[in-house]
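In: okay, here's the prediction I keep looking at, along with the sequence it came from:
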Amino acid sequence: MKRQTYTPEIKERAVRMLIEAANDYPSIWSAIQAIAPKIGCTPETLRSWHKKHIDQTIPANVQAQSQEQRIKDLERENRELKQANEIIRKAAGLEAQAEKGR
């Protein structure tokens, strides 16, 4: 099967269409699936163009900061879950002691 080549203008237009229409769809993937056939490419091709666009337009330090924030959020959530688990363990232990005392 012959590989289709696209001009930079077509790629740019496709990504621009995707960005403009993204809010009209429940997810970016559903927007990709709707727009790709209009351009004449596969959804995966459009997804890769969009990813490259994001990587080129968002500075690396901003991406790193958002990743750092995500890690902090996950660590906080993990601590909260550990605390909740400890409370549940203690409550289960108290309940077991109460059962033994009956």
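Out: Great, that's in hand.

In: quick one: low-confidence ranges for this protein?
Out: 1-2, 60-64, 102 (pLDDT under 70).

In: ok, now with 80
Out: Scanning the chain for pLDDT under 80 picks out 1-3, 58-67, 94-102.

In: show me it divided up by domain.
Out: 1-57, 59-102 (automatic domain parsing).

In: and among those, the most buried is which?
Out: domain 1-57 (a mean of 14; mean count of other Cβ atoms under 10 Å). For every residue, glycine as well, the C-beta is placed using N, CA and C.

In: name the SS class of Pro26, please.
Out: coil (DSSP: H, G, I helix; E, B strand; the rest coil).

In: make 321 the starting number, not 1.
Out: OK, 321 is where the count begins now, so the last one is Pro346.

In: quick one, phi psi at it?
Out: For Pro346, the backbone dihedrals (degrees, to the nearest 10) come out as phi -70, psi -20.

In: okay, it and Met337: tell me how far apart.
Out: 17 Å (Cβ to Cβ, to the nearest Å).

In: repeat that for Thr365.
Out: 14 Å.

In: try Cys361
Out: Plainly put, Cys361 is 12 Å away from Met337 if you go by Cβ to Cβ.

In: go on, Gly421?
Out: 70 Å.

In: then Gln389?
Out: With Cβ to Cβ as the criterion, Gln389 and Met337 are 30 Å apart.

In: again with Trp349
Out: Distance of Trp349 to Met337, given as Cβ to Cβ: 15 Å.

In: what's next to stretch 325-345, contact-wise?
Out: With contact meaning Cβ atoms under 8 Å, 6 or more residues apart in numbering, stretch 325-345 is reached by 348, 351-352, 354-356, 358-359, 361, 366, 369-370, 373.

In: which of those fall in helices?
Out: Among these, the ones falling in helices (DSSP state H) are Ile348, Ala351, Ile352, Ala354, Ile355, Ala356, Lys358, Ile359, Leu366, Trp369, His370, His373.

In: and the residues you listed, which is closest to Ala411?
Out: Ile348 (42.1 Å; Cβ to Cβ).

In: measure the closest one to His370 for me?
Out: Ile348 sits 8 Å away from His370, going by Cβ to Cβ.

In: please consider this matter closed, and thank you.
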